[in-house]
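Participant: got a predicted structure here, sequence first:
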Amino acid sequence: GADRVFFVGGNWKCNGSKSEIKTLVESFNKDAPTTSDVEVVVGAPLPYLEYTRGLLRSDWGVSAQNCWIGKGGAYTGEVTADMLADVGTDWVILGHSERRNLPELKESDATIATKTVYAISKGVSVMYCIGELLEERESGQTIAVCERQLKALGDVIGSDWSKIVIAYEPVWAIGTGKVATPEQAEEVHEAIRKWLAANVSQQVADSTRILYGGSVSPANCDELAKKPNIDGFLVGGASLKPDFVKIVESYK
Ligand code: PEP
């Protein structure tokens, strides 16, 4: 909608190998259109970020799927946003529902917000993921949950949201094949934009891309993309296949 450039992110999650990435990226390089009407970013596992950057067409970005909360030091096993930037990673996915909800991870709203502010301070843009669990939707809390997750960021980020895209990903729709209807998604996207207008600024509300994520596929993307407040997608499973390009083309 509006003047916002359509945005499609792929989230490969914890999948792939060098040989699989090479095959996939070569098909993206060959088959996808070259246009300034859509911004595309693929999210690779950490060991493959630089490898992916080296193979991938230069008009597409590369994203990590997580990073440490602040600067480096004695944090065994962690990776900082500084390091991501150093190896040419333009983006990081933060607050993905798997990182929020897996019992081994359980990242809090505050942790995710702090990570986000640190990442953008290092020049790494953020896909900030929010969304409700099934039981939260069923008990009528969808908008309240999304607003709570937005407020966590609003409390620490200040007025510049230019390096943020918001990904609304209802947890019940992720990896389940159960996509939100265009109406269900649009209702929440509109509420997110209203929240931005009321709590940040009209300018940020107008310019921030709000992506939908959750079982997006070549078969359902066009209907979703028609909605005025759906500015693109964050795509999991379908981003591991050559016809991810069809989702990229839904900007049209
Ligand atoms: C995701 O991981 O962000 C996602 C939306 O996954 P899927 O498209 O597989 O539902």
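Facilitator: Arrived safely, thanks for sending.
Participant: ok, whichever residue of the chain sits closest to the ligand - how many residues close by?
Facilitator: Residue of the chain nearest the ligand, by C-beta to the nearest ligand atom: residue 236 (2.1 Å). C-beta coordinates here come from the backbone N, C-alpha and C atoms, glycine included. Number of residues near residue 236 (other C-beta atoms under 10 Å) recorded here: 23.
Participant: show me where the chain dips below the pLDDT cut-off.
Facilitator: Low-confidence segments of the chain (pLDDT under 70): 1-2.
Participant: what residue of it is the furthest out?
Facilitator: Using C-alpha atoms, centre = their mean, the residue of the chain lying farthest from its centre is residue 74. It sits 28.4 Å away.
Participant: for the residue minimising distance to the centre of the chain, give its distance to residue 92.
Facilitator: Centroid-nearest residue in the chain, with C-alpha atoms, centre = their mean: residue 127, separated by 3.7 Å. Residue 127 is 7 Å from residue 92, where distance means C-beta to C-beta, to the nearest Å.
Participant: and for the two, which residues touch both?
Facilitator: By C-beta atoms under 8 Å, 6 or more residues apart in numbering, residue 127 and residue 92 have these common neighbours: residue 63.
Participant: flag every residue of the stretch 51-200 of the chain that's near the ligand.
Facilitator: Contact residues (C-beta under 6 Å from any ligand atom) of the stretch 51-200 of the chain with the ligand: 169, 174, 175.
Participant: next up, the contacts around the residue of the chain closest to the ligand.
Facilitator: 11, 13, 174, 175, 213.
Participant: which residues pair with the last one across the strands?
Facilitator: Assessed by DSSP bridges, residue 213 has beta-bridge partners residue 234.
Participant: what of the first one?
Facilitator: Per DSSP bridges, the residues bridged to residue 11 are residue 43.
Participant: which residues touch it?
Facilitator: Taking C-beta under 8 Å, 6+ apart as the test, what residue 11 contacts is 43, 63, 65, 93, 96, 213, 234, 235, 236, 239.
Participant: repeat the analysis, applying 6 Å as the threshold.
Facilitator: Residue 11 makes contact with 43, 93, 236, according to C-beta atoms under 6 Å, 6 or more residues apart in numbering.
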